[in-house]
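Trainee: Just the structure for this:
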Amino acid sequence: YQRRVRGITAALLLARDSDLTIVVVGDSLETCGEWSDRASLDLSGSQLDLLVQISAQNAASKKKTIVVLIHGRPVTFGKDNYALKNVSALISAWRPGPFGGPALWQIITGIYNPSGKLSMSWPRSVGQIGGPSNPWYHLIEGKWRSKFRTDYRNYVFEPSDPLFGFGFGLSFTQFDYSGISVTPFN
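Mentor: Residues are numbered from 1 along each chain as shown. Sure thing, here's the model as predicted:
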C-alpha cells in the first residue's frame, strides 16, 4: 500500500510541474489474454486512483490530461466511468506492438492524424456485455426487443447506450462517403 501511495505521490509531483500530462494505463498479458478472465472491466490495481488524482489536479490548474490506454479488451473507468471526467483525450492503442511508442508520439504531437474508429461498441460496465451496447444485439427480436417497444432494454442505474459506440473516433479531417451499397443478409 505504501509503495502505491508513494508512486501516485511522485506522479502527482511530476504532473504538477508539467504543462501537459500523458498517463499510460491499461492491462498486461497477465491480466488480459487466454485464461486471464477478470470479474471487472475497470483498470486494475491503483491505475484508477492514479488517473483520477492526476486528471483532477490538472483540471484544477487548467492543464490537459491525455490518457493512452494499452489493452486487449474494453476497459471501464470506475463507477459511471468517473475517471474520464477530467480527461482531455483518450487514445485507445490496443496492443500497439514494438513501434507503438513512436506511432503514439506522432499522434499526440500532431505529426500523424488520428484516424482510427472503434471496431466494436465499448460497454459502460461489465453488465452491458452481451447486452444493448452490443450492436448485433439489437437485431434480435424476442426476449429483449419487441416490435411494440421503442426503448429496447433499459438498465436501472445506467444508460443502455454504450460508453463509446461502434465507429466512434475523432479525427482532424473530414470524410465523405459516397457510392455505398449494402446487400441484405438473408
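
Trainee: Contacts for stretch 17-36, please.
Mentor: Contacts with stretch 17-36, where a contact means CB atoms under 8 Å, 6 or more residues apart in numbering, come from 14-15, 38, 43-44, 47, 50-51, 54-55, 58, 63-73, 75, 93, 108. Just so you know, the C-beta spots here come from the backbone N, C-alpha and C atoms, and that holds for glycine as well.

Trainee: Drop the exposed ones from the residues you listed and show what's left.
Mentor: Buried subset of those (neighbour count, 16 or more other CB atoms under 10 Å): 15, 43-44, 47, 50-51, 54-55, 58, 63-71, 75, 93, 108.

Trainee: Inside helices: which ones of these?
Mentor: With helices identified by DSSP state H, the entries of these that belong to them are 15, 47, 50-51, 54-55, 58, 108.

Trainee: Would you format the residues you listed as CSV with distance to residue 179 and pLDDT included?
Mentor: Rendered in CSV, the data for those read as follows (distance: CB to CB, whole Å; pLDDT from 0 to 100):
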residue, distance to residue 179, pLDDT
15, 48, 96
47, 44, 94
50, 47, 95
51, 43, 96
54, 46, 97
55, 43, 96
58, 45, 96
108, 34, 91
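
Trainee: and which of those residues is nearest to residue 3?
Mentor: Proximity of these to residue 3, judged by CB to CB, is greatest for residue 50, which lies at 12.8 Å.

Trainee: Which residue, other than its chain neighbours, is closest to the closest one?
Mentor: On the basis of CB to CB, 6 or more residues apart in numbering, the spatially nearest residue to residue 50 that is not a chain neighbour turns out to be residue 8, at 5.3 Å.
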